[in-house]
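1. Here's my sequence, what's the structure:
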Amino acid sequence: MKLEKVNYKGFIVPVVIGLLFWFFTPLRPAGVSVISWHLLALFVATILGCITKPLPIAGVAIIGLVLTVILGVAPMKLAMTAFGDAAVWMIALAYMLSRGFIKTGLGHRIALQFIKLFGQKTLGLAYSMEAIDLVTAPATPSNTARCGGIVVPIIQSLAKAYGSDPKTGTQRKIGSFLLFAEYHINIVTSGMFMTAYAPNLVAVAIAKQMGINISWFTWFLAAIVPGLILLVIVPFIIYKLYPPEIKETPHARSWAEKELADMGPMKLSEKMMLGVFLTALVLWMLSSFIGLDATWVAFLAVALMLVSGVLSVQDILQETGAWNVILWFSILIFMAGELNTLGFIPWLSKALAGAMNGLAWGWVMAIILVFYVYIHYLFASGTAQATALFGAMLGIAVSAHVPPLLAAMLLCFGNTAMSSTTHYASGPAPVVYGLGYVEQKDWWKNNAIMAPLYLLIFGLIGALWMKVIGIW
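-> Numbers count the residues shown, from 1 in each chain. Predicted coordinates for the structure are as follows:
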């Protein structure tokens, strides 16, 4: 048996930076304890390891946990409590729920139905893609699975049907527009539901540790107005910004009808999956009113899929994305939470808030939000950035007297807005970019225009809407 490959060079930067932090402990700022500084060194090294990837992120996290215990920063009994975080299990269970959409073919059928209804024009096709993404978003925290597993295969088939292929230099006929539009539609839907994007649940978990509770329904209510505005204008803006050569698509409807005919009548497994999805969606919406825990609802949905035969236990065990999340995300959330418990995050928040002393809290929040979105050029994962920076940014905002729930929600919206940066900004980015339909220069140029739009709608209009509904 051959040994697995390990990128040993990837250890260099995390180890060097971690050691520098550790050995500079005597020079730590006043007010920061030795143990919190040591944890900071390990946390920074772990986050850097998630970026340089000497091992997959789960492997890096395990090493971080081992070092945290062996170096006396946290006892093993405390470290093991990391794996009981409800938010982490919520993400994992929703991954399993999304597997049901793909396995049963329900996601594909829903997509074809929308194309059949709205597919006469290329812009109409974009809105069809939007409807697909919107319908599946509440139960798909992996926006990569939603984009790459459900929507993108449909777009690829459509593009080829219209002779749009980067291999022949015809990508701008229709494929480039539809794929880039889907990427941005995915950004919007990711911000509209707490369960539509993994970093959302990271943020919710960190906010809860800081005493700020965000329910599924609170999130939905806060996001509904800015989200709907963006759903209306984003496809049209991209249609003007990055126009397709083919404007009319009269054959899309007949193509969708043929695909649906090939699929045949709706199977029992699809009906079961639809019932489970609707049950989970209704219970999530009602959870804050009737006292149900959102994670329990996700467990219920998975249990129903098992009992009904939609998924097998083997399907659950083979959902590597879910178990991967439980492993590495639990550890990073634990380390971030301990930084808060041991006093480092509160100290950092007060120090940075003091640097902006005298500014009105609205300006402080604006500066924090812009910084939080554009620092993402240095990150290749929304989850990694949320884990590393969300708590610190939220602490600064609260210290500057920004209403806590408003600050948390605006930063949560920032988690999605930051995807409008690079071609490696989030999971769907390399999926879409890797197909070759959108050149890197077009990606960066157009995203540079779209990012301020998200900041304006989610940030300004979102804040005003949250004032209307009494969030602050």
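
2. And the pLDDT at T52?
-> For T52, the model assigns a pLDDT of 85.

3. residues in contact with it?
-> Shown in contact with T52 (C-beta atoms under 8 Å, 6 or more residues apart in numbering): N7, G10, F11, I12, V13, P14. Yep, even glycine has a C-beta here, placed from its N, CA and C like the rest.

4. Now restrict those to buried residues only.
-> G10, F11, P14 (16 or more other C-beta atoms under 10 Å).

5. now these in CSV, with secondary structure?
-> Shown next, in CSV, are the buried ones among the contacts of T52 (DSSP: H, G, I helix; E, B strand; the rest coil):
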residue, secondary structure
G10, helix
F11, helix
P14, helix
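
6. So which of these is the closest to Y242?
-> Using C-beta to C-beta, G10 comes nearest to Y242 of these, at 35.3 Å.

7. Surely that closest one touches K53?
-> Yes: counting by C-beta atoms under 8 Å, K53 is a contact partner of G10 at 5.4 Å.

8. Domain ranges for this protein, per the record?
-> For the chain, the structural domains run 1-82, 86-317, going by automatic domain parsing.

9. Just give me the residue right at the centre of this structure.
-> For the chain, the residue nearest the mean C-alpha position is Y197 (3.2 Å; C-alpha atoms, centre = their mean).

10. Count the residues that sit near the nearest residue to it once chain neighbours are set aside.
-> Nearest residue to Y197, sequence neighbours excluded (C-beta to C-beta, 6 or more residues apart in numbering): S190, at 3.7 Å. By the criterion of other C-beta atoms under 10 Å, S190 has 28 neighbours.

11. element containing S190?
-> Using DSSP states H and E, S190 sits in helix 175-192.

12. follow-up on the earlier one: winner for burial among the domains of the chain?
-> domain 86-317 (a mean of 20; mean count of other C-beta atoms under 10 Å).

13. now that domain, how far from the chain's geometric center?
-> 13 Å (C-alpha atoms, centre = their mean, to the nearest Å).

14. my read: G107 touches F101, true?
-> Yes: if you go by C-beta under 8 Å, G107 and F101 touch, sitting 4.0 Å apart.

15. follow-up on the earlier one: shouldn't the residue nearest to the centre of the chain be in contact with V204?
-> No: here Y197 does not reach V204: they are 10.9 Å apart, not a contact under C-beta under 8 Å.

16. now the domains of the chain as CSV including distance to S420?
-> Listed next are the domains of the chain as CSV, based on distance: least, C-beta to C-beta, whole Å:
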stretch, distance to S420
domain 1-82, 20
domain 86-317, 6
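
17. Among those domains, which comes closest to F334?
-> Judged by C-beta to C-beta, the one of the domains of the chain that comes nearest to F334 is domain 1-82, at 3.3 Å.

18. and S164, backbone torsions?
-> Backbone torsions for S164, taken as degrees, to the nearest 10, come to phi -110, psi 110.

19. Distance of it relative to A131?
-> Look at S164 and A131: by C-beta to C-beta, to the nearest Å, they are 21 Å apart.

20. thinking again about what came up before, got a markdown table for the contacts of T52, with pLDDT too?
-> Formatted as a markdown table, those follow (pLDDT from 0 to 100):
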| residue | pLDDT |
| --- | --- |
| N7 | 91 |
| G10 | 92 |
| F11 | 93 |
| I12 | 94 |
| V13 | 94 |
| P14 | 94 |
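
21. Closest one to V152 out of these, please.
-> Closest to V152, out of all of the contacts of T52 and judged by C-beta to C-beta, is N7, at 28.3 Å.

22. Checking the closest residue to that closest one other than its chain neighbours next. Helix, strand or coil?
-> Ranked by C-beta to C-beta, 6+ apart and with sequence neighbours excluded, the top spatial neighbour of N7 is P54, at 4.7 Å. For P54, the assignment made with three-state DSSP gives coil.

23. K5 is in contact with P54, correct?
-> No: assessed by C-beta under 8 Å, P54 is found out of contact with K5, at 10.4 Å.

24. which helices and strands does the lengthiest helix in the chain pack with?
-> With secondary structure taken from DSSP state H, the chain has its longest helix at helix 216-241. For helix 216-241, the elements it packs on are helix 122-136, helix 175-192, helix 268-290, helix 404-417, helix 440-454, helix 462-468, judged by 3 or more C-beta pairs under 8 Å, 6 or more residues apart in numbering; DSSP states H and E.

25. could you point out which element follows that helix?
-> Sequence order places helix 252-263 as the next helix or strand after helix 216-241, per DSSP H and E.

26. what angle sits between that following helix and helix 122-136?
-> Interaxial angle of helix 252-263 relative to helix 122-136 (axes from the mean of the first three to the mean of the last three C-alpha atoms, to 10 degrees): 40 degrees.

27. List the residues that contact the closest residue to Y183 other than its chain neighbours.
-> Spatial nearest neighbour of Y183, chain neighbours left out: V432 (4.8 Å); criterion: C-beta to C-beta, 6+ apart. By C-beta under 8 Å, 6+ apart, the residues touching V432 are C147, V152, L179, F180, E182, Y183, V438.

28. same question, F277
-> Applying C-beta under 8 Å, 6+ apart to F277 gives the contacts L97, G100, F101, L106, A139, A301.

29. The fourth one and M273 touch, don't they?
-> Yes: in terms of C-beta under 8 Å, L106 counts as a neighbour of M273; the distance is 4.8 Å.

30. Find residues that contact each of the two.
-> Common neighbours of L106 and M273, counting by C-beta under 8 Å, 6+ apart, are G100.

31. Could you report the pLDDT at A161?
-> 69.

32. Likewise for the one 5 residues further on?
-> Listed pLDDT for P166 reads 84.
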